[in-house]
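**Q** Predicted model, plus sequence, below.
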Amino acid sequence: MGMERGRFLLLGSGEFEPWAAEAERFALAGAAGDGSVAILATASGREGDSIFERWIGMGLRHYESLGITGHPVRVRARIDALDANTAKLLDDVSMVFFSGGSPKYLAQTMSGTPVWDGVQRLLDRGGVFGGCSAGAMIAGASGMRFPFASGLGLLPTTALGVHWDALSGWWIRWLRDLAPRRLPPSVRFLGVAEHTAIATDGDAWRVFGTGVVDMRQGSERQAFAQGQLIPF
């Protein structure tokens, strides 16, 4: 996928909460498939059974509240992602959604597997790639340095930051100030605030939620808020 094309829904935080409904309905409108969503909590796969299943349960209840069918796809470890039968569970859905957790673990689990091939087929046929936090970061450009190294290249010229307005923690302050400067000039950076989403049908990114999206490329920097469009 050399060009940035396809349908995406990327959240800075707050998956499976009511605020995200507007963005999800926008992303799913006109998407190929049967209208349902495959829910993958893979990024929390190392955190124990109860947390992994809690994320899946939250997703199922959230989509049920919106009148959308959710399907749990239990890819917890790489052995699950290598299963061709599990990959087939993505063949008819309209969106695959990866909830948050560890971006490094998520990328290592999914990269080069039949399930990840299924994700790319879904995008190619007009379905939506959705993700929050770690689940959003894996869509970004591949071959980047930390902290963007978890990108698997669905968006080959965009790197993604999440929780971008978080106030606590030295590491997030360091990320906000310095990390985007580590990117090559050909790669654009989008920092998505908490409880904020960007969604696209292939023409522009539309901003949803309460926060701001910080866009940087080279020396240019712009901020976008609810309802505004970010051009490709």
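**A** Now that the structure is in, tell me what you want to look at. Numbering: from 1, shown residues only.

**Q** And the next helix or strand past the lowest-mean-pLDDT helix or strand in the chain?
**A** The weakest-scoring helix or strand in the chain, judged by mean pLDDT, DSSP states H and E, is helix 170-178 (a mean of 70). Next helix or strand after helix 170-178 toward the C-terminus (DSSP states H and E): strand 188-192.

**Q** tell me which residues in stretch 136-148 are buried?
**A** Within stretch 136-148, the residues that count as buried by 16 or more other Cβ atoms under 10 Å are 136-142, 144, 147-148. Any C-beta I mention is one placed from the backbone N, CA and C, and that applies to glycine too.

**Q** just the residues you listed now: which is nearest residue 180?
**A** Of all these, the one with the least separation from residue 180 (Cβ to Cβ) is residue 148, at 9.0 Å.

**Q** out of everything not next to it in sequence, what's closest to that closest one?
**A** Nearest residue to residue 148, sequence neighbours excluded (Cβ to Cβ, 6 or more residues apart in numbering): residue 159, at 4.3 Å.

**Q** again, but for residue 62
**A** Closest residue in space to residue 62, ignoring its immediate chain neighbours: residue 16 at 3.9 Å, by Cβ to Cβ, 6+ apart.

**Q** Was I right to think that neighbour contacts residue 58?
**A** Yes: because the distance of 4.3 Å satisfies Cβ atoms under 8 Å, residue 16 is recorded as touching residue 58.

**Q** Common neighbours of the two, please.
**A** Both residue 16 and residue 58 are contacted by residue 99, under the criterion Cβ atoms under 8 Å, 6 or more residues apart in numbering.

**Q** buried residues in the helix ranked longest in the chain?
**A** In the chain, assigned by DSSP state H, the helix with the most residues is helix 49-65. By 16+ other Cβ under 10 Å, the buried positions in helix 49-65 come out as 52, 55-56, 58-60, 62-63.

**Q** now swap in stretch 71-82 and tell me
**A** Neighbour-count burial for stretch 71-82, counted by 16+ other Cβ under 10 Å, picks out 71-76, 78, 80-82.

**Q** Look up how far residue 77 lies from the closest residue to residue 80 other than its chain neighbours.
**A** Nearest non-adjacent residue to residue 80, counting by Cβ to Cβ, 6+ apart: residue 86, 6.0 Å away. According to Cβ to Cβ, to the nearest Å, residue 86 and residue 77 sit 11 Å apart.

**Q** so where's the protein uncertain?
**A** Applying pLDDT under 70 to the chain flags the ranges 1-3, 167-175.

**Q** for this structure, what spans make up the helices?
**A** 21-28, 49-65, 78-81, 84-87, 103-110, 114-124, 134-137, 170-178.

**Q** Would you mind putting the ones you listed into a markdown table with distance to residue 210 alongside?
**A** A markdown table is the format used below for the helices of the chain (distance: least, Cβ to Cβ, whole Å):
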| stretch | distance to residue 210 |
| --- | --- |
| helix 21-28 | 12 |
| helix 49-65 | 18 |
| helix 78-81 | 34 |
| helix 84-87 | 35 |
| helix 103-110 | 23 |
| helix 114-124 | 28 |
| helix 134-137 | 17 |
| helix 170-178 | 18 |
